[in-house]
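*Asks:* Attaching a predicted model along with its sequence, questions to come.
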Amino acid sequence: MNVLLAILFLMQQTPDSLSTDTVEIVRPAPPTDVIAMDTPNDVGGSVSVQWEISEDDGKGLNNVILYNVFRGQSEEGPFDYIGTVGAGRTSYDDQTVEKDKVTYYYIVKAQTKEGVESEASNVASGKAAPQWFHHGRWNILILGILFALFFAFYIRMAKGKELFIRKIAGLDAVEEAVGRSTEMGKPVLFCPGIGYLYDIATIAALTILGRVAKKTAEYETRIIMPNYDPVVMSAAQEIVKQSYTEAGRPDDFNEKDIFYLTQDQFGFAAGVDGIMLREKPGAIFLQGVFYAEALILAETGHSVGAIQIAGTDRVTLLPFFISACDYTLIGEEMFAASSYLSRDPVMLGSIKGSDAAKVAIISVILVGAILGILGGLNIGPFGTWFQSLVNWFGRG
């Protein structure tokens, strides 16, 4: 009976008398004034999208938490999602552009924390393109031109007169060392270290080798050269052969004296030590890349009474060579060897140009230090000048 009464009651109700709860979806205002342009100062493949924030971002309904960016191939769409930035942001760099100089279309939508998106913004179009020059790096261009002028000036000067290059005792002693070996009837030992042909120090060592080999050819003295790397060995054989040819004694060249030893570090050191003890060379040249075996080689060379000329760009090994060898080429002295020995105007001008560039760099550092100190003491406008100097060199 109760069930029947309930059914009759419900049949008498109208739709207006039933209570319903509805949820209203509130969309945030969309971003406005969307534009798309090539990202400046890049190598292409990027389009920058910019917009004005939504009216509900930080004001209005204040419910915007991020912006979604979409890209399409045409103005009508469809548009695919490519990225998101947080509220308050007004730009996005699309770095997924597949082709330069092709027009792409973009829209931006604001989104609330409930995941409700705004209507789409206006459609903006843009295309990516590479730039030839980074306009934020004028400082690098100016410095590059300045340094190039240094080199050009000194190279031109070197062609007119001989430039002064300070004496490098180790290179001047090459003739003395080879001459001593000749007088004693002993060979010359040249060790290029355990570097490879791509090491700058090894290349510099081979340059010095050419000079030493030419002297041994002139004095008819045997030169022995054990090698750690077979590629360096091949290059050394060609250099020594060329030096003997230039000296007018190509028949005296013995290819077997330039040989491969081993690529085991201490096996190589033991092998070279053995050669020193057996052959007892009158002069030993340790030039190139060395590591822990450096002191072993230098001490063994000292024990056989040879005059030793060492050279490396490894700063940590210089004390070993300085203490155990007669002459030591330090760092850049090795790199300047080809210019120093050949006296070629272009090479000499390059050395003087690099020295001038170093002087300029040191001068700027000193000026910056002085301005920083005076600026820190709040003396005059030095603080402002210091900040301008830092900003100029920090560009790009």
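*Replies:* Structure received. Numbering: from 1, shown residues only.

*Asks:* For Lys109, what is the enclosing helix or strand?
*Replies:* strand 104-112 (DSSP states H and E).

*Asks:* Following element in sequence after that strand, please.
*Replies:* strand 124-126.

*Asks:* other SSEs contacting that next one?
*Replies:* strand 32-38, strand 47-52, strand 104-112 (3 or more C-beta pairs under 8 Å, 6 or more residues apart in numbering; DSSP states H and E). Using the backbone N, CA and C atoms, a C-beta is placed for each residue, glycine as well.

*Asks:* buried sites along the second one?
*Replies:* Right, strand 47-52. 47-51 (16 or more other C-beta atoms under 10 Å).

*Asks:* the strands in the stretch 51-200 of the chain, which residues?
*Replies:* For the stretch 51-200 of the chain, applying DSSP state E, counting those that start in this stretch gives strands covering 64-72, 79-86, 91-94, 104-112, 124-126, 188-193.

*Asks:* Need the residues that contact the first one.
*Replies:* The reference is to strand 64-72. With C-beta atoms under 8 Å, 6 or more residues apart in numbering as the test, strand 64-72 has contacts from 28, 31, 49, 51, 53-54, 56-58, 78-87, 89, 92, 94, 104-113, 117-118, 120.

*Asks:* now the shortest one
*Replies:* Contacting residues not belonging to strand 124-126 are listed as 34-38, 47-49, 75, 103-107 [C-beta under 8 Å, 6+ apart].

*Asks:* so can I have TSV of these showing pLDDT and distance to Ile165?
*Replies:* Formatted as TSV, the contacts of strand 124-126 follow (pLDDT from 0 to 100; distance: C-beta to C-beta, whole Å):
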residue	pLDDT	distance to Ile165
Val34	93	63
Ile35	92	59
Ala36	92	58
Met37	92	53
Asp38	91	50
Val47	93	54
Ser48	93	52
Val49	94	58
Glu75	88	68
Thr103	91	59
Tyr104	93	59
Tyr105	94	64
Tyr106	95	61
Ile107	93	67
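
*Asks:* Using JSON lines, lay out the buried residues of strand 47-52 together with distance to Leu341.
*Replies:* Shown next, in JSON lines, are the buried residues of strand 47-52 (distance: C-beta to C-beta, whole Å):
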{"residue": "Val47", "distance to Leu341": "55"}
{"residue": "Ser48", "distance to Leu341": "55"}
{"residue": "Val49", "distance to Leu341": "60"}
{"residue": "Gln50", "distance to Leu341": "60"}
{"residue": "Trp51", "distance to Leu341": "65"}
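
*Asks:* about what we covered before: ranking by neighbours, what's the top pick from the contacts of strand 124-126?
*Replies:* Greatest neighbour count in the contacts of strand 124-126, by other C-beta atoms under 10 Å, goes to Val49: 28 neighbours.

*Asks:* Quick check, that residue in contact with Thr90.
*Replies:* No. With contacts counted by C-beta atoms under 8 Å, Val49 stays clear of Thr90, the gap being 9.6 Å.

*Asks:* Spit out the residues that contact the two alike.
*Replies:* By C-beta under 8 Å, 6+ apart, no residue touches both Val49 and Thr90.

*Asks:* Not counting residues beside it along the chain, what's closest to Arg222?
*Replies:* Nearest non-adjacent residue to Arg222, counting by C-beta to C-beta, 6 or more residues apart in numbering: Pro187, 4.0 Å away.

*Asks:* Could you do Leu341 as well?
*Replies:* Arg211 (4.8 Å).

*Asks:* Now do the same contact list for that neighbour.
*Replies:* By C-beta under 8 Å, 6+ apart, the neighbours of Arg211 are 171, 174, 243, 337, 341.

*Asks:* how about the helices in the chain?
*Replies:* Using DSSP state H, the helices found in the chain span residues 2-11, 138-160, 169-172, 174-184, 200-218, 230-246, 265-279, 294-303, 318-324, 332-335, 337-342, 345-376, 382-393.

*Asks:* Of those, which stretch is the most buried?
*Replies:* Among those, helix 200-218 has the highest mean neighbour count (mean count of other C-beta atoms under 10 Å), at a mean of 22.

*Asks:* Count the residues that sit near Pro192.
*Replies:* Neighbours of Pro192 under the rule other C-beta under 10 Å: 30.

*Asks:* mind checking how far the residue nearest to Ala298 when sequence neighbours are not counted is from Gly179?
*Replies:* Take Ala298 and drop its neighbours on the chain: the residue closest to it by C-beta to C-beta, 6+ apart is Ala324, 3.6 Å away. Distance from Ala324 to Gly179, counting by C-beta to C-beta, to the nearest Å: 22 Å.

*Asks:* One more: Phe386?
*Replies:* 57 Å.

*Asks:* same question, Arg137
*Replies:* In terms of C-beta to C-beta, Arg137 sits 53 Å off from Gly179.

*Asks:* before we move on, what about Leu341?
*Replies:* Leu341 is 16 Å from Gly179, by C-beta to C-beta.

*Asks:* Show the pLDDT at the residue nearest to Gly179 when sequence neighbours are not counted.
*Replies:* Once flanking residues are discounted, Gly179 sits nearest to Tyr219: 6.6 Å by C-beta to C-beta, 6+ apart. On pLDDT, Tyr219 comes in at 92.

*Asks:* Equivalent analysis for the one 4 residues further on, please.
*Replies:* Model confidence at Ile223, given as pLDDT, is 94.

*Asks:* and it, what does it touch?
*Replies:* Contacts of Ile223 (C-beta under 8 Å, 6+ apart): 187-190, 212-213, 216, 240, 257-258.

*Asks:* Can you give the domain ranges for this structure?
*Replies:* 32-126, 169-342 (automatic domain parsing).

*Asks:* Make TSV out of the ones you listed and add distance to Gly376.
*Replies:* Formatted as TSV, the domains of the chain follow (distance: least, C-beta to C-beta, whole Å):
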stretch	distance to Gly376
domain 32-126	33
domain 169-342	33
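
*Asks:* who are the neighbours in contact with His135?
*Replies:* His135 touches 40-41, counting by C-beta under 8 Å, 6+ apart.

*Asks:* ok, so what distance separates it from Met225?
*Replies:* His135 is 53 Å from Met225, by C-beta to C-beta.
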